[in-house]
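*Asks:* build the 3D model from these lines:
(one chain, ligands or ions: 1)
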Amino acid sequence: MEQENLENEQETILDETPQEVGFEDLGLAPEILEAVKAAGYETPSPIQAKAIPALLQGKNLLGTAQTGTGKTAAFALPLLSRIEFNGKDTSLLVLTPTRELSIQVAEAIQQYAMKLPKVHVVPVYGGQDIAVQFKALKRAANVIVATPGRLIDHLKRGSIVLDKVQAVVLDEADEMLDMGFMEDVETILSKIPKNAQRALFSATMPKEVIEIIDEHLGEYSEARIEGKTTTVENIRQRFLLVKSHDKMEALARVIEGEDFDGMLIFVRTKQATSEVSERLEARGFNVAPLSGDLAQTLRERTINRLKMGKLDIVVATDVAARGIDVDRITHVVNYDIPYDTESYVHRIGRTGRAGRSGNAILFITPRERRLLKTIEKATRQPIEAMALPSAEQISAKRVANFQKKIQDKLANASLDKFREILMKMTVELGTNVEDIAAAALCMAQEREPLFPKMEQLSTPKVRDNSDRDDMPEKPRKERKEGANGVEEGYLRYYLAVGRRDHVSPRDIVGAIAGEADISSAIIGRIKLFDKFSTVELPDNTDQSVLDILSEMTIRGNDAKFRLMTDDAPPPKERKSFKSKKDFGKKPKGKEKPFREFHGDKPFRKTRRFGRH
Ligand code: AMP
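*Replies:* Residues are numbered from 1 along each chain as shown. Here you go, the predicted model:
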């Protein structure tokens with residue numbers, strides 16, 4: 001499509017969307033509204049308020065949004081409302097860059113489709129036994145959420161047919177590009193019926209993504225969230241990188257580690273307000289939930305109790321916390337990340353009131369890293385990384401609290417009877433007051449141990465492309481080679497695909513990083529030969545990752561990924577590989593590697609810096 005036509009035809013839905021729009025105002029099907037209600041969503045996120053009406057009208061859509069903004073529901077709710085499912089054909093196709101995302105998106109869509117009997121959602125991704133997928137696809141696959149490589153595989157085998165697709169969504173297009181999937185995406189899009197509705201979501205718009213938009217999106221509306229710049233003074237902002245399943249444990253430790261007066265914890269759904277609040281209560285915190293579900297009087301009472309110091313912690317949704325003005329709030333914790341900068345600024349504005357200084361702590365899961373960068377840009381303030389308090393720090397705080405309680409008792413309670421018992425015990429037990437006090441202390445701390453054993457929470461791994469817009473390139477690490485030509489600390493693996501399969505190093509990095517969801521930065525050198533290639537991976541790579549990779553396909557070919565067990569690099573010492581037959585015919589003796597590089601730098605350069 002010509003650029004000028006495109007500019008005329010596209011309609012931009014910007015920030016004029018009213019803030020107070022509710023899900024019921026958007027025109028969604030009643031079954032979908034029911035599912036939204038069951039999910040506990042109170043109001044549409046900004047990208048949802050903008051994207052849903054356009055998609056419901058059957059328009060194509062370009063969404064500029066990143067993970068954490070609610071973009072899955074932004075496309076799934078209207079498309080599920082609109083598409084006529086017949087229980088047989090594949091009517092909706094969603095392409096995602098990673099297997100993790102395809103599982104997550106498939107689960108979300110299945111949840112939104114819970115009241116639609118004819119909708120069965122199947123995630124399709126590399127790394128899973130293809131026979132398992134055949135079975136699931138045979139039963140019914142009305143919605144397919146796929147990574148491009150594996151989808152191409154199924155298309156070749158005829159196990160997926162796309163000619164009845166009514167809508168296609170390209171999720172995280174810029175990540176697809178980084179994973180080297182663009183050609184596969186082109187191939188797939190060319191097989192989708194011309195009249196199918198199309199939506200593309202991307203956090204950034206590199207040149208290659210714009211080319212896909214020009215080529216495949218046709219006329220489209222645009223939904224984007226404009227990051228307004230705002231400053232937040234007198235609030236110390238920190239973030240904690242944490243895996244989703246560790247969030248609760250991390251929250252409890254943060255609460256214990258911080259010196260706070262009142263604390264407001266933000267979550268996304270009404271259910272989460274009660275869940276988080278109940279779990280904190282079980283750990284002994286003085287906490288209550290606050291959501292739109294509670295009657296106005298009860299909400300007011302909760303806020304009053306917080307004001308008066310009868311309550312220390314409130315767990316709230318955005319809607320319920322609107323307008324809370326309690327000077328005592330020294331801490332705002334964003335347990336679930338807000339959808340956009342504006343709501344972040346609004347949330348943290350609940351602390352640091354009346355000229356006091358406040359604290360804002362933001363929980364970030366690895367996939368949400370980009371949203372962190374967006375917030376930093378828009379608030380023009382860096383958000384410091386914070387570490388979880390250690391067991392020793394928590395122990396010191398508990399001991400100090402305990403001592404404070406004892407001090408209060410000494411000052412206020414009448415202890416004569418207890419002294420009498422103590423004296424009697426020293427005689428009867430033949431011991432001293434010190435030992436008895438130590439035993440009593442030991443008993444008194446049983447529910448909340450003074451020396452807690454705390455499991456180390458794992459540090460989340462972050463894919464290196466998640467911070468690509470803002471971070472300076474990492475300097476290339478000095479890598480030392482061992483005597484066998486393999487880099488120290490690395491092992492060399494074989495892949496049964498080479499130049500003749502039109503495989504590029506980028507395909508290999510993309511497939512490995514995408515299938516196993518590991519950072520491309522840890523991938524070592526890649527050597528490409530005519531009929532096969534080799535890749536070096538750290539020698540401490542998890543067996544679970546290697547298992548996934550052993551099932552990997554690259555450009556539709558079984559990669560037959562396996563460890564090369566001998567010392568020398570191919571092709572010279574090829575004969576001494578453990579199993580000769582693994583390698584097919586012997587490559588010509590003087591065959592030279594096509595290209596050799598480390599996984600990170602040239603990969604990033606050609607993709608990101610060299611070409612746009
Ligand atoms: P996404 O950006 O699609 O990855 O969504 C991020 C998270 O937000 C998911 O856990 C969704 O369940 C949740 N979510 C999406 N829309 C809403 C909404 N309107 N209200 C509350 N939570 C939402």
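
*Asks:* point out the residues in the chain that sit beside the ligand.
*Replies:* Within the chain, the positions adjacent to the ligand are 41, 44-45, 48, 67-73, 268-269 by CB under 6 Å from any ligand atom. C-beta: built from backbone N, CA, C; applies to glycine.

*Asks:* packing partners for the helix or strand that contains residue 439?
*Replies:* According to DSSP states H and E, residue 439 maps onto helix 433-444. Here helix 433-444 touches helix 416-429, going by 3 or more CB pairs under 8 Å, 6 or more residues apart in numbering; DSSP states H and E.

*Asks:* figure out how far the helix it packs on is from the centre of its chain.
*Replies:* Relative to its parent chain, helix 416-429 has a centroid offset of 58 Å by CA atoms, centre = their mean, to the nearest Å.

*Asks:* by contact count, what packs against it?
*Replies:* By 3+ CB pairs under 8 Å, 6+ apart, helix 416-429 packs against helix 433-444.

*Asks:* how far off helix 416-429 does the helix it packs on point, in degrees?
*Replies:* Counting by axes from the mean of the first three to the mean of the last three CA atoms, to 10 degrees, helix 433-444 lies at 110 degrees to helix 416-429.

*Asks:* ok, back up a step: filter the residues of the chain next to the ligand down to the ones in helices?
*Replies:* Using DSSP state H, the members of the residues of the chain next to the ligand that fall within helices are 48, 71-73.

*Asks:* before we move on, the earlier item: and the residues of the chain next to the ligand, which of them are buried?
*Replies:* Among those, those classed as buried by 16 or more other CB atoms under 10 Å are 41, 44-45, 48, 67-73, 268.

*Asks:* got the domain boundaries for the chain?
*Replies:* Following automatic domain parsing, the chain resolves into domains at 2-224, 235-388, 392-444, 486-563.

*Asks:* on that earlier part again, now the residues of the chain next to the ligand in JSON lines, with pLDDT?
*Replies:* JSON lines is the format used below for the residues of the chain next to the ligand (pLDDT from 0 to 100):
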{"residue": "41", "pLDDT": "92"}
{"residue": "44", "pLDDT": "93"}
{"residue": "45", "pLDDT": "90"}
{"residue": "48", "pLDDT": "95"}
{"residue": "67", "pLDDT": "74"}
{"residue": "68", "pLDDT": "77"}
{"residue": "69", "pLDDT": "83"}
{"residue": "70", "pLDDT": "89"}
{"residue": "71", "pLDDT": "91"}
{"residue": "72", "pLDDT": "94"}
{"residue": "73", "pLDDT": "97"}
{"residue": "268", "pLDDT": "92"}
{"residue": "269", "pLDDT": "92"}
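
*Asks:* out of the domains of the chain, which gets the lowest mean score?
*Replies:* Lowest mean pLDDT within those: domain 486-563, a mean of 84.

*Asks:* return the set of buried residues in stretch 176-193.
*Replies:* 176-182, 184-185, 188-189, 191-192.

*Asks:* just to revisit the earlier point, farthest pair within the ones in helices among the residues of the chain next to the ligand?
*Replies:* Greatest spacing in those, by CB to CB: 48 and 72 (9.7 Å).

*Asks:* contacting residues for the closest residue to residue 82 other than its chain neighbours?
*Replies:* Spatial nearest neighbour of residue 82, excluding adjacent residues (CB to CB, 6 or more residues apart in numbering): residue 56 at 5.9 Å. Taking CB atoms under 8 Å, 6 or more residues apart in numbering, we find residue 56 in contact with 26-28, 78, 81-82.

*Asks:* distance check, the residue nearest in space to the middle of the chain against residue 527.
*Replies:* Closest to where the C-alpha atoms of the chain average out (CA atoms, centre = their mean) is residue 367, at 2.9 Å. From residue 367 across to residue 527, the span is 32 Å (CB to CB, to the nearest Å).

*Asks:* same check, this time on residue 397
*Replies:* Distance from residue 397 to residue 527, by CB to CB: 54 Å.

*Asks:* with residue 454 instead?
*Replies:* Taking CB to CB, one finds residue 454 at 45 Å from residue 527.

*Asks:* could you do residue 267 as well?
*Replies:* Per CB to CB, residue 267 is found 49 Å from residue 527.

*Asks:* got phi/psi on the residue nearest to residue 82?
*Replies:* phi -60, psi -30 (degrees, to the nearest 10).

*Asks:* and for residue 95?
*Replies:* phi -100, psi 130.

*Asks:* please apply the same query to residue 258.
*Replies:* phi -90, psi 150.

*Asks:* I'd like the distance from stretch 315-331 to the chain centre, please.
*Replies:* 26 Å.

*Asks:* ok, back up a step: what residues does the helix holding residue 439 touch?
*Replies:* Helix 433-444 has contacts (CB under 8 Å, 6+ apart) with 402, 422, 425-426, 429, 450.

*Asks:* now, among the residues you listed, which is nearest to residue 99?
*Replies:* Nearest to residue 99, judged by CB to CB, of these is residue 450 at 44.1 Å.

*Asks:* tell me how far the closest one lies from the ligand.
*Replies:* As judged by CB to the nearest ligand atom, to the nearest Å, residue 450 and the ligand stand 37 Å apart.

*Asks:* for that residue, grab phi and psi.
*Replies:* phi -70, psi -20.

*Asks:* that one: what's it in contact with?
*Replies:* Per CB under 8 Å, 6+ apart, neighbours of residue 450: 395, 398-399, 402, 441.

*Asks:* need the contact list for the residue lying farthest from the centre of the chain.
*Replies:* Relative to the centre of the chain, and counting by CA atoms, centre = their mean, the farthest-placed residue is residue 427 at 62.4 Å. Listed by CB under 8 Å, 6+ apart, residue 427 has no contact partners.

*Asks:* do you know how far the closest residue to residue 284 other than its chain neighbours is from the ligand?
*Replies:* Leaving aside its chain neighbours, residue 284 sits nearest to residue 448 (6.3 Å; criterion: CB to CB, 6+ apart). Distance, residue 448 to the ligand, using CB to the nearest ligand atom: 32 Å.

*Asks:* same check, this time on residue 251
*Replies:* 16 Å.

*Asks:* show me what the strand or helix carrying that residue is packed up against.
*Replies:* Secondary structure from DSSP H and E places residue 251 in helix 247-257. For helix 247-257, the elements it packs on are helix 270-282, strand 358-364, helix 391-412, judged by 3+ CB pairs under 8 Å, 6+ apart.

*Asks:* tell me what the longest one is packed against?
*Replies:* Just to be clear, that refers to helix 391-412. helix 247-257.

*Asks:* what does the first one give?
*Replies:* Counting by 3+ CB pairs under 8 Å, 6+ apart, the packing neighbours recorded for helix 270-282 are helix 247-257, strand 287-290, strand 313-316.
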